[in-house]
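**Student:** structure here, sequence nowhere to be found:
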């Protein structure tokens, strides 16, 4: 190999020290981290021979050095900047700051990923009292020159000098009024001259210094301002929302100005190589003649569709179409381009991968495979799995204009419109009458579930993204806006108050769980597709070929099971039997069971529940004919089925004060209160629940197991291939596993015998939900008895981190996210470092004892893409998620398989 | 080596199969597992040439085989029994079941460890209608023979045939009445003959079969009965209480009878080689002439002190003294012996290590070292560390007779007598007036703590061994009886009801937290020693030389700290600052802080709290002059400082119904209610607490740190060597550790500067309490910031197992222990397999990042011997426990060091 070192690119004339600046011709698309997306795009286009204005890019490293250096430009940058401006002068044959033939530049920010509108750009830099005259002379268009100058002073004043933009707008408005014109293009050259004079006075007044006439001073301050904009509040907020690291920094591109506002043969446009909404393969965009880019954004004039440019400037259009095609081919992705036409000459100002809707993303990926541009694997990688979420919810008709009265937490996506109801029973009653209702509660509890089932959507005053309302609503695929803190509910008056308006129960309301908006009237909605559209089915079919993880769903009803299956679920990973206990026909029996003083009374109540449970299981098993259905035995503490303690306390105090202590009504209320008190727990999450219930009250689990067996046998005799599995919740030690599994297996055997069925007719696996740290630690012992594991990562997260889901989201988690003490809400994105490590331990130990053991996950993380990727890495067999997240999980699993190529940890895929 | 195999001992004539029986001369002390304690003792004495009646032992293996064999004697045992009975006949020259010279035997149970009175023994077996005549003829004492026969029928009837003993007693009582005599020894020979006849009729009537005259049948059935007694309810209960495995089984010794009731030159006795209460080195015991062992137990006649035997039978006494000394020398431990004198001839029937009080155990161990019998290490091993607990509590004067009205949970040891008070404030008020009070509550909460401090003891209706009352009382070394379920408290009437009696507030009551007894009057108490007695200090001094673990204490007050230091604590491992917030002079300020709407109001309240905290810390730091004091910053959720939600709900409902919604009283109450509701959490244990508080409200931790620094500097300037360390609770990730440690270090620096003190004057380590599974997993990260770790095993147990301490003990844990799903309450005995494994992970990872890091434990497990042993194994530097458990921990740590000899895991002892 040659030992001669190539000179450092773009640093030929530079002394020692970092290379702060790259000319466009020295950069490339691969240097995105250093040059930002915009800089890398300009460099790549320059290298590809496309018409790009001359310029250079100051690196993101310089930005980081700026912050390290206490917000001062790093050493060497000033000198390098001057050297590169000199090169620019040579290439353009113009001079920076010289009156005769002035070089003007734009200064543009550009981070590694696009942060649209988040950071600042300054145009026309290089204008001052002298160069404006030169520009006027050179272009023969003083009005254009003075308009450009005033734009520059205005932009510089706002962005660099942080003067309130209103001040500038007022000057212009006054000028328009003085000249008696309606729009800026009508203002005279004298007008703009006067405006510039006033602007300069404004700058002097606001900052105490004159507007800088030294063009290098302009440039240096503009660069500092762009660097500074990286840490503006809106940029920080944007990064937080989009999970962009703070330490990437922004690059700054300095580009020689081209002008779209030099007459009708000039103009500016924005275009996509394909339709970003639908994915249609056709150039899509807008063009505004005789205008600068900011005019398009400002929306003062209505631009024309890009296709109309063909008529106006056919040559330019043809050239642009060719360039667009070339760029798409080059980048092998749909491009979002900005361009300017200066006196009939086309300049490309930017190109980048275009943002698109989920539908467009999928269709473009499909088309590009069909066009032979990308491979199927690349197509799968191209679509952000999480965005598929958009496809399965009702939306507010975009044609509707509305104002949100408040914005709560977008807890479960989709929109709902209906009559306000303030309690679950009313919701059920009104829904029976065929009314659409929206359940509005301070917060929901398990005994609101039947109301949630009946409602179109749920709105709560309290609670976070993992509050009961949010979790249950997401599970049901039902819209929910949670934690709408300004909402006031008066249950006595049956009214709600929000944003100063008071609505009565029965009034119409609309909530948008996708955005969190609450609208105080009924808006028309666009319904979601009822099945997978053909194009999505095709795309997900490719995903299925690639993924190693099974994708199952969590479903508690036959409807949910059917929906999950339609969306591609290969099994049910979690059926929560307690949701069945909340039906209005069951709850009284459940309460009777809990309040009963004798085992006999309990047995009687359980016998009454048996047919309900059997019917529930039959429905789900039939819907999943031929696929596994994992049924979890009763999980929550019993007091969840009784009225809340608070309500009983108030009611019984009222009864006592009204009727006295001897009144029968008081005594009955008091009896229930006493039992609720007995069952009341300081920390129900860590209390008398899960398998602990099944050990202390084995008759409850026995009833459930019996119902499962009876349902399965009945179905099989009807030719339905019912495949139930029994999951014991919350096991923490070997004896719990042994006792509960032995009870379950004995009940299975007894029930089969009673039905005259043999073990050959139905074999049911008994496994456990791994949801305690201790279960992960002793997983080898548990696996000696359990035939499968399913990680319950909701509870495992609660115990591993010591966070109560119900409380933490409402108290400290928001602050923790804000202050970056947590990078993600651990109830939304699996905590790999903590919970993930325990899972790996559980998997490794479990498979040590039972090598081919099937292991899944049924926490809410099972439908979140980055958590799915972890599950793939960790060697799980399947993920199980809400029905509507099945498509997301299918794609995420394929993406994970592509990313984690090679054999997985200790797994034996079947 | 010789290839010739020795014949199997005791099995010379046996065919293939297990050896079910060992003759005494073929056994030894080392065969205790197989022969039981009694059999091994008899064998050992036989081998030592002591006078022991001839006999043999059926093994514990035979007992286990009996249970495996569905409660039938295993194959080969019958035959072996007959062979050994034949040998016995040869050796004694008597014949089993033969009239002329009948061989009689006792059949005695004996498990691996002594279970006094728990299992059954049958004497005089071999008597029947024929042999009774032979015995009469042989002894020339028909009265003795018929008395022996009736005793045998009676015992056999009760034990083997399970006939109610009352029936037999009634027959004897009728006989005494018929003969007009008062006691059994006065009954005539004819009387006993008649009794035997009636007994036999009774057996026929009750069982439908005649009393067995076949002596082999008697023997086989007796052996079966002894085996069966292993699973009697009282034996099972005893084992459960004493943690003895169920699968050890019992052995059965068959011993040729000797008779202590053959006249005044006969008798029976029980003796200890030293005093089992005090440890005094003097033969201690009782002797009853002309009696069988059961007569001593029955207490019909008063036995004489063993020393008086010297006068009655000087030769026998001398021989016994020699034998006792020989046995003690042989076993190198204090012996508990049973013996019989038959017509002037001494027979040893049993010897075993004697049970003793803690005091006796220590003093005997000390004396035996001084006597050169055992080494210091052996002395340390000899004393059960847990029993030292007995020494540090007030006791009910044993001279007092009393009946307990109820027995609750013995939640915190010691006895207390005082006036009943029903709330904390009354407790404080009455205590100020100099009254001793006992706080009686349904359950306690943190805002009862000042009342608990004021009270002599605490009695609660609800809650288990780790309920708030129990934990806090133990921490204070204060007696507590918890979970006294029959107790009824009427707060309106100010009365309590128990066992049918109603007492008023102010009435005297006595509780015994050692036994759980509740006595409805005031009993006189014997106070505990105020310092370590000299003999205990000497003994623990030896322990200190051996142990590798430091022993620190948990202390929240200067009094606790002083006490801990007196008992040997080498530092404070946990000072809970929140207990200081509950003082009646502080609580209103704390509430003000929590209820304040503005940061300014909060700052004002904190400024008011500062001098209190500073004074608290000064007191503790001064008491620990020269020793480290680890102060934990605020830990519990804020709502613990506010009135309970339930109380507020009732009060505000009452106010609303009485005065209406506009009344100021209602509105104020409602305001507090609203704030409590806001702070209310579903699972406070997993909620907004620990370092989460210090991150969201940094000003609280800053105030506490400032108070610590000010206190320490003030003391140092007075010449006191204050050594505070700051412990951040509940850290779960690196950022929490960084943020809180940085805040604390900044406050330390600022405060030192404000005081004009340099960092040289005071250096304070900042560490963390490791109490979440996640903290163990990321311990390496935490240790990069934290300078020390202390395992908070109470909370770590809660999260690892998913058990809420407050709830689990009251609901499922008792059942879990009963059904052996848990072997121990994990809040009392550290769960090595689960929590312990996480601790090992935390230690290993923590030391990986900071090799010499000091790591301790400050959960309640720090004072429990088997948990201390784990801490030694796992390589901790110290344990920290309640002051009164410091002596226990010192001894347990020494025992652990002796047991875990060799270097410890990854530790670098300093």
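**Tutor:** Sure thing, it's come through. On a predicted model such as this, the values are computed, not experimentally measured, just so you know. Residues are numbered from 1 along each chain as shown, chains lettered A, B, ... in the order given.
**Student:** contact partners for the residue nearest to residue A:212 when sequence neighbours are not counted?
**Tutor:** Leaving aside its sequence neighbours, residue A:212 sits nearest to residue A:218 (C-beta to C-beta, 6 or more residues apart in numbering or on different chains; 5.4 Å). Backbone N, C-alpha and C define where each C-beta goes, glycine included. Each residue near residue A:218 by C-beta atoms under 8 Å, 6 or more residues apart in numbering or on different chains is listed here: A:125-126, A:128, A:156, A:212.
**Student:** I'd assumed residue A:218 was in a helix, is it?
**Tutor:** Yes - assigned with DSSP: H, G, I helix; E, B strand; the rest coil, residue A:218 falls within a helix.
**Student:** any stretches of the stretch 651-800 of chain A with poor pLDDT?
**Tutor:** Within the stretch 651-800 of chain A, no stretch has pLDDT under 70.
**Student:** flag every residue of it that's near chain B.
**Tutor:** A:653-654, A:657-658, A:681-688, A:690, A:692, A:695-696, A:730, A:732-733, A:735-736, A:739, A:771-774, A:777-778, A:795, A:798-800 (C-beta under 8 Å from any C-beta of the partner chain).
**Student:** what do you get if the cut-off is 7 Å, keeping everything else the same?
**Tutor:** A:653-654, A:657, A:681-688, A:692, A:695-696, A:730, A:732, A:735-736, A:739, A:772-774, A:777-778, A:798-800 (C-beta under 7 Å from any C-beta of the partner chain).
**Student:** make TSV out of the contacts of residue A:218 and add distance to residue B:51.
**Tutor:** Shown next, in TSV, are those (distance: C-beta to C-beta, whole Å):
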residue	distance to residue B:51
A:125	117
A:126	122
A:128	125
A:156	116
A:212	119
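**Student:** let me know the closest of the residues you listed to chain B.
**Tutor:** Sorting the contacts of residue A:218 by distance to chain B puts residue A:156 at the head of the list, at 38.7 Å, by C-beta to the nearest C-beta.
**Student:** mind listing what that closest one touches?
**Tutor:** A:122, A:218 (C-beta atoms under 7 Å, 6 or more residues apart in numbering or on different chains).
**Student:** where does the stretch 501-650 of chain A get nearest to chain B, which residue?
**Tutor:** residue A:649 (4.6 Å).
**Student:** closest point of the stretch 251-400 of chain A to chain B, which residue?
**Tutor:** residue A:386 (24.4 Å).
**Student:** quick one: contacts for that residue?
**Tutor:** Contacts of residue A:386 by C-beta under 7 Å, 6+ apart are A:865, A:888.
**Student:** please repeat the previous calculation with a cut-off of 6 Å.
**Tutor:** Residue A:386 makes contact with residue A:865, according to C-beta atoms under 6 Å, 6 or more residues apart in numbering or on different chains.
**Student:** that one and residue A:413, how far apart?
**Tutor:** As judged by C-beta to C-beta, to the nearest Å, residue A:386 and residue A:413 stand 11 Å apart.
**Student:** just give me the neighbour total for residue A:662.
**Tutor:** Neighbours of residue A:662 under the rule other C-beta atoms under 10 Å in any protein chain shown: 8.
**Student:** what sits against it?
**Tutor:** By C-beta under 6 Å, 6+ apart, no residues touch residue A:662.
**Student:** could you check how far it is from chain B?
**Tutor:** 15 Å (C-beta to the nearest C-beta, to the nearest Å).
**Student:** in which helix or strand would I find that residue?
**Tutor:** Using DSSP states H and E, residue A:662 sits within no helix or strand.
**Student:** would you turn the contacts of residue A:218 into JSON lines with secondary structure and pLDDT?
**Tutor:** Shown next, in JSON lines, are the contacts of residue A:218 (DSSP: H, G, I helix; E, B strand; the rest coil; pLDDT from 0 to 100):
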{"residue": "A:125", "secondary structure": "strand", "pLDDT": "96"}
{"residue": "A:126", "secondary structure": "coil", "pLDDT": "96"}
{"residue": "A:128", "secondary structure": "coil", "pLDDT": "96"}
{"residue": "A:156", "secondary structure": "helix", "pLDDT": "95"}
{"residue": "A:212", "secondary structure": "coil", "pLDDT": "96"}
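**Student:** related to what we said a few turns ago, give me the buried entries from the residues of the stretch 651-800 of chain A next to chain B.
**Tutor:** Neighbour counting with 16 or more other C-beta atoms under 10 Å in any protein chain shown marks A:653-654, A:681-688, A:692, A:695, A:730, A:732, A:735-736, A:739, A:772-774, A:777-778, A:798-800 as buried within these.
**Student:** quick one: low-confidence parts of the stretch 251-400 of chain A?
**Tutor:** Ranges of the stretch 251-400 of chain A meeting pLDDT under 70: A:294-301.
**Student:** what ranges does it have for its strands?
**Tutor:** Ranges of strands within the stretch 251-400 of chain A are A:267-272, A:284-289, A:304-305, A:335-342, A:345-353, A:395-396, based on DSSP state E, counting those that start in this stretch.
**Student:** which other helices and strands contact the fourth one?
**Tutor:** The helices and strands touching strand A:335-342, judged by 3 or more C-beta pairs under 6 Å, 6 or more residues apart in numbering or on different chains; DSSP states H and E, are strand A:267-272, helix A:314-331, strand A:345-353.
**Student:** show residues contacting the longest one.
**Tutor:** Judged by C-beta under 6 Å, 6+ apart, the contacts made with helix A:314-331 from elsewhere in the structure are A:50, A:273, A:309-310, A:335, A:341, A:346, A:351.
**Student:** now do stretch A:343-359
**Tutor:** In contact with stretch A:343-359 (C-beta under 6 Å, 6+ apart) are residues A:37-38, A:41, A:45, A:50-53, A:114, A:258, A:262, A:265-266, A:272, A:276-277, A:316, A:319, A:327, A:333-340, A:387-388, A:390-391.
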